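Q: Please work out how this folds:
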Amino acid sequence: QNLSNKRNKKLKIGIAGLVAVSLVATTGVTWATKLFQDKQNQLQQAESRLEKTEYKLQEAEIGTKLERQGINALRQFENAEIEALLSAMEAGKELQKLIKDRRPLQYYPATSPIFALQQILNNIHEKNQIPNIQNIAINPNNQLLATVNNDGTAKLLKFSGESISQLRGHQGKISKIKFAREGDLLATAGDDGTARIWDFLRKQQVELKGHEGQIWQITFSPDGKYLATAGEDGTARIWNISGKKIATLKKHQSRILDVTFSPDGKYLATAGWDGTARIWNRAGRQLFRLGGHRGSVEKVIFSPDGKLLATAGWDGTIRIWWRRSGKLLARLKGGVGNFSFSPDSKKLVTAGEDGTANILDISGQLLGKLPGHQGIVTSVSFSPDGERLATADSDGTVKIWNNNGNLLTNLKGHQGRVWQLNFSSDGELLISLGEDGTGRIWQLEGDRYATIKGNSDIFGVVSFSRDNQRLATGGDNGVARIWDISETPLALFNGYLGMFDALSFSPDSQRLATAGDNSQARIWEISGEELIELEGQEGRAKQITFAPDGQRLATVGEDGVARIWNNFGQQLVELKSHKGRVLDVDFSPDGKYIGTAGEDGIGKIWDSSFQVVSELKILSSWMESISFSPSGEYIATGDSNGMVKIWDFSGNQIADLKAHIGSVENLTFSADGEQVISMGKDGMVKVWDITGRQIAQFENAKSFSVDGKYVATLADNGLQLWRVKGLNDLLKSSCDWLEDYFITHPEVRKDLEVCE
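A: Numbers count the residues shown, from 1 in each chain. Sure thing, here's the model as predicted:
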């Protein structure tokens with residue numbers, strides 16, 4: 001029994017030992033496993049950090065590349081608008097791929113593609129390119145084009161460039177092409193000595209035979225019932241649109257180079273190689289022989305009122321004749337064949353070989369010069385309303401001018417001479433044709449959001465309503481107006497005398513506050529009814545603004561005091577702390593704080609008890625403007641040296657931008673707080689991210705909306721409104737702009753991908 005007990009005891013001890021050893025071994029394995037796992041985790045974390053570092057380096061490298069691409073696209077834009085837009089879109093597409101994580105703007109690896117897209121879309125005019133053509137005609141009423149291609153065939157197109165039909169029938173190349181002003185007719189002339197009239201709706205054509213040799217010119221009568229042809233054989237012929245010959249004009253001694261109808265359709269004029277021009281009635285009887293040119297007469301046109309006739313000769317002169325008597329009125333110097341009457345028949349523009357175009361009255365008196373072309377001026381054309389004028393030259397440049405002779409824009413893209421310029425009937429489009437064989441369609445108004453038309457003197461001060469649905473403008477004559485964003489005037493304010501300094505809408509956009517040089521600040525209903533005059537302001541009121549709740553207003557002025565008012569016009573408090581004038585004031589988004597900026601170079605933050613809780617100090621300049629960010633965490637200031645500074649609420653400076661030449665007159669943050677928008681005395685509005693990288697720029701600026709989404713700029717025809725867009729919207733707008741171009745160049749859309 002004792003032996004059995006001892007055996008059992010040893011067995012238990014052995015088992016216990018095994019268990020202990022096993023536990024030790026297990027513990028060792030567990031510890032080793034944990035150690036291995038820790039090492040694995042550390043390795044994975046290191047690899048992850050390495051991958052992130054490598055990704056950041058790779059992203060930084062791509063960002064640098066994209067920055068260069070954006071800059072290069074802007075340089076390219078100077079001479080190739082559509083090609084530059086495509087380059088900027090490529091860079092924008094690559095940037096879009098990098099920011100799919102929806103990171104804030106300040107963490108974008110590049111911003112120049114955004115800046116390039118915004119700048120190009122703000123300034124682009126070229127809408128389409130139609131390649132491989134030698135001649136082009138416009139049907140303004142039906143928005144159609146007809147082209148003569150390099151192979152001598154003709155084609156009918158929509159303005160978008162979409163092909164409608166080929167014009168087949170001539171035996172040989174087509175040299176001339178013209179639309180009738182009314183109806184659906186088109187005429188062509190070919191090297192085969194025939195002309196054809198095409199009814200492109202009914203798909204019918206009529207052949208006109210009779211000329212011996214080439215036809216040099218064709219033209220429809222204004223009513224579209226007749227066609228005149230001028231030929232190598234020294235005759236001009238009049239046909240009805242059924243193809244019947246009505247008359248033959250036979251007095252010229254050699255080829256006739258041009259023929260045209262008078263505006264009433266009763267008369268024709270011809271220009272000949274024999275050095276004469278002639279006036280005929282529609283029955284074919286010669287009324288006057290117009291001599292005097294040395295060498296051939298290249299071009300002849302009637303004035304729009306039909307009273308005058310102008311001829312251009314190879315001798316470099318232009319002669320103006322009375323239609324009724326055939327007597328010479330004036331003799332001018334001008335380019336061969338390059339001149340145009342204004343729509344009111346009171347002026348004539350001529351092209352010169354010295355790089356200028358001249359505007360003259362009908363007596364030949366010089367009214368003005370249009371300088372600036374680097375080569376010979378090759379083509380000139382007035383818009384249908386006479387408000388604009390286009391000139392083109394031998395170096396491929398087209399210039400657009402207003403009727404006062406001020407240059408509006410340069411259009412570059414052609415390689416070599418520009419031969420032909422045609423406005424659409426509404427004057428919105430210009431079509432140019434050059435010796436490079438390309439027809440280019442230009443949209444003269446660009447990609448703006450809206451235009452409020454009027455003389456510049458009514459847009460002295462401009463302010464957006466908080467909902468961006470209305471604009472207030474203050475004129476130099478002391479009259480304020482309110483407009484809706486669709487360009488319609490809503491109200492006129494006649495009660496204010498003097499120059500406006502500031503306008504401000506209430507948060508609900510139902511009231512307008514005005515401040516100006518007669519020391520008065522007023523509150524109005526947007527209908528134009530005066531509600532309240534704020535009495536007590538001493539000196540000129542420089543700025544006025546509503547609190548976010550609309551229950552209070554703040555005014556600042558030359559007396560160095562900021563004043564807070566209630567809705568009833570009662571003064572609540574005076575904020576006296578600045579030395580010198582107070583130049584700007586702003587409420588924080590929650591209305592609890594007020595910021596003031598003064599010519600003492602200090603920005604002051606006041607709490608709800610009107611105590612200064614923070615000061616923002618700059619050196620050696622005035623502080624001109626101040627604005628709170630939407631979160632209230634940051635404050636932007638602008639000074640008289642053109643610097644924009646961003647501060648935290650405690651007064652610590654976190655960014656410093658050289659923004660403008662001259663003072664910074666206004667500032668705001670975008671609604672998301674990611675952008676700062678500044679307006680300077682240099683006439684620029686600039687958009688920045690909060691690290692100081694420029695995102696957009698607008699010239700001739702007058703104002704921007706409170707949320708920074710819209711900018712108003714002053715243009716020749718009024719006030720233009722533009723949207724400040726992010727990358728996605730810019731790419732979409734670019735695709736929309738190129739919609740017609742993609743019709744004539746479908747392979748580009750496919751390669752670009754972003755517009756698919």
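Q: pretty sure residue 344 contacts residue 387?
A: No - the pair residue 344 / residue 387 is not scored as a contact, 11.0 Å apart, by Cβ atoms under 8 Å. The way it works is simple: take the backbone N, C-alpha and C, and place the C-beta from them, glycine included.
Q: Do me a favour and get the end-to-end distance for stretch 225-245?
A: 12 Å (Cα to Cα, to the nearest Å).
Q: same deal with stretch 500-510?
A: End-to-end for stretch 500-510, by Cα to Cα: 20 Å.
Q: Kindly report the same for stretch 192-205.
A: 16 Å.
Q: which outside residues touch that stretch?
A: 156, 164-165, 167, 169-172, 184-190, 206-209, 211-215, 218, 227, 229, 231, 239, 241, 243 (Cβ atoms under 8 Å, 6 or more residues apart in numbering).
Q: how does it look with 7 Å?
A: Here stretch 192-205 makes contact (Cβ atoms under 7 Å, 6 or more residues apart in numbering) with 156, 165, 167, 169-172, 184-189, 206-209, 211-215, 218, 227, 229, 241, 243.
Q: Just to be sure, which of these are found in strands?
A: Judged by DSSP state E, strands contain the following of the contacts of stretch 192-205: 156, 165, 167, 185-189, 206-208, 215, 218, 227, 229.
Q: picking that back up, now the buried members of the contacts of stretch 192-205.
A: 156, 167, 169-170, 184-189, 206, 208, 211, 214-215, 218, 227, 229, 241 (16 or more other Cβ atoms under 10 Å).
Q: Spatially nearest residue to residue 606 (excluding sequence neighbours)?
A: In space, and not counting its chain neighbours, residue 606 is closest to residue 594: 4.4 Å by Cβ to Cβ, 6 or more residues apart in numbering.
Q: all helices for the protein, in order.
A: 2-77, 81-98, 112-123, 727-737, 739-744, 746-752 (DSSP state H).
Q: which stretch in these is the model least sure about?
A: Among the helices of the chain, helix 2-77 carries the lowest mean pLDDT, at a mean of 66.
Q: Can you report phi and psi for residue 662?
A: Per-residue torsions, residue 662: phi 90, psi -170 (degrees, to the nearest 10).
Q: from memory it sits against residue 643, does it?
A: No - in this structure, residue 662 is not within contact of residue 643 by Cβ atoms under 7 Å, at 11.0 Å.
Q: What residues are bridge-paired with residue 229?
A: Note on residue 229: beta-bridge partners by DSSP bridges are residue 218, residue 237.
Q: Surely it and residue 213 touch.
A: No - counting by Cβ under 7 Å, residue 229 stays clear of residue 213, with 11.8 Å between them.
Q: May I have the residues that are in contact with the closest residue to residue 152 other than its chain neighbours?
A: Spatial nearest neighbour of residue 152, excluding adjacent residues (Cβ to Cβ, 6+ apart): residue 173 at 2.8 Å. Contact analysis of residue 173 by Cβ under 7 Å, 6+ apart lists 152, 190, 191.
Q: and the last one, how many neighbours does it have?
A: Applying other Cβ atoms under 10 Å, we find 15 residues neighbouring residue 191.
Q: if I look at it, how far off is residue 171?
A: Distance of residue 191 to residue 171, given as Cβ to Cβ, to the nearest Å: 8 Å.
Q: Please, where are all the strands along the stretch 651-756 of the chain?
A: 653-658, 664-669, 675-680, 685-689, 694-698, 701-704, 710-715, 718-723 (DSSP state E, counting those that start in this stretch).
Q: Pairing partners for the fifth one, with directions?
A: Strand pairing for strand 694-698, using DSSP bridges, gives strand 685-689 (antiparallel).
Q: Dump the strand it pairs with to PDB, restricted to CA.
A: Output of strand 685-689 as PDB, limited to C-alpha atoms (Å, rounded to 0.1, in the frame of the first residue of the first chain):
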ATOM      1  CA  VAL A 685      -9.900  91.000 -57.800                       C
ATOM      2  CA  LYS A 686      -7.700  88.100 -56.800                       C
ATOM      3  CA  VAL A 687      -8.600  84.800 -55.200                       C
ATOM      4  CA  TRP A 688      -6.100  83.000 -52.900                       C
ATOM      5  CA  ASP A 689      -6.000  79.800 -50.900                       C
END
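Q: tell me how far it is from the chain's mean position?
A: Strand 685-689 sits 17 Å away from the centroid of its parent chain (Cα atoms, centre = their mean, to the nearest Å).
Q: just stretch 217-229 next, same as before
A: Distance, centroid of stretch 217-229 to centroid of chain: 38 Å (Cα atoms, centre = their mean).
Q: what's the answer for stretch 319-333, then?
A: With Cα atoms, centre = their mean, you get 42 Å for stretch 319-333.
Q: Same question for that stretch: list its buried residues.
A: 319, 320, 321, 323, 329, 330, 332.
Q: Repeat that for stretch 723-742.
A: For stretch 723-742, by 16+ other Cβ under 10 Å, it's 723-725, 727, 730-731, 733-735, 737-738, 740-742.
Q: hmm, back to that, so for residue 662 and residue 643, which residue has more residues nearby?
A: Neighbour totals were compared for residue 662 and residue 643, and residue 643 leads with 20 against 14 (other Cβ under 10 Å).
Q: what pairs with that one across the strands?
A: Beta-bridge partners, per DSSP bridges, of residue 643: residue 658.
Q: doesn't residue 661 make contact with it?
A: No - the criterion here is Cβ under 7 Å, and residue 643 misses it with residue 661 at 11.3 Å.
Q: For these two, list the residues in contact with both.
A: By Cβ under 7 Å, 6+ apart, no residue touches both residue 643 and residue 661.
Q: Would you point out the helix or strand in this protein whose mean pLDDT is lowest?
A: helix 2-77 (a mean of 66; mean pLDDT, DSSP states H and E).
Q: so what are the domain limits for this structure?
A: 2-123, 340-444, 456-668 (automatic domain parsing).
Q: Looking at these, spot the one closest to residue 160.
A: Checking these against residue 160 by Cβ to Cβ gives domain 340-444 as the closest, at 9.0 Å.
Q: which residues sit against stretch 592-606?
A: For stretch 592-606, the surrounding residues in contact (Cβ under 7 Å, 6+ apart) are 554, 556, 562, 575, 577-587, 607-608, 612-619, 621-626, 628, 635, 637.
Q: Just give me the neighbour total for residue 82.
A: Residue 82 - counted by other Cβ under 10 Å - has 21 other residues nearby.
Q: Then residue 500?
A: By other Cβ under 10 Å, the residues close to residue 500 number 24.
Q: ok, now which ones touch it?
A: So residue 500 contacts 460, 461, 474, 480, 514, 516 (Cβ under 7 Å, 6+ apart).
Q: could you dump those to a markdown table with neighbour count?
A: Output for the contacts of residue 500, formatted as a markdown table (neighbours: other Cβ atoms under 10 Å):
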| residue | neighbour count |
| --- | --- |
| 460 | 21 |
| 461 | 20 |
| 474 | 27 |
| 480 | 26 |
| 514 | 26 |
| 516 | 25 |
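Q: Widest-spaced pair of those?
A: The farthest-apart pair in the contacts of residue 500, when distances are taken by Cβ to Cβ, is 460 and 514, at 11.9 Å.
Q: what sits in contact with each of those two?
A: Residues touching both residue 460 and residue 514 (Cβ under 7 Å, 6+ apart): 474, 500.
Q: for the stretch 401-550 of the chain, which spans come out with low pLDDT?
A: Along the stretch 401-550 of the chain, segments meeting pLDDT under 70 span 487, 494-498, 518-519, 536-539.
Q: what about the residue nearest to residue 606, how many neighbours?
A: Using other Cβ under 10 Å: residue 594 sits among 26 other residues.
Q: Now do the same for it: its pLDDT.
A: On the pLDDT scale, residue 594 gets 97.
Q: Bridged to it, which residues?
A: Under the criterion used (DSSP bridges), residue 594 bridges to residue 587, residue 606.
Q: Can you report how many residues lie near the residue nearest to residue 398 when sequence neighbours are not counted?
A: Closest residue to residue 398 in three dimensions, ignoring its sequence neighbours and counting by Cβ to Cβ, 6+ apart: residue 411, at 4.0 Å. A total of 21 residues lie near residue 411 under the criterion other Cβ under 10 Å.
Q: If anything else comes up later, I'll come back, but that's it for now.
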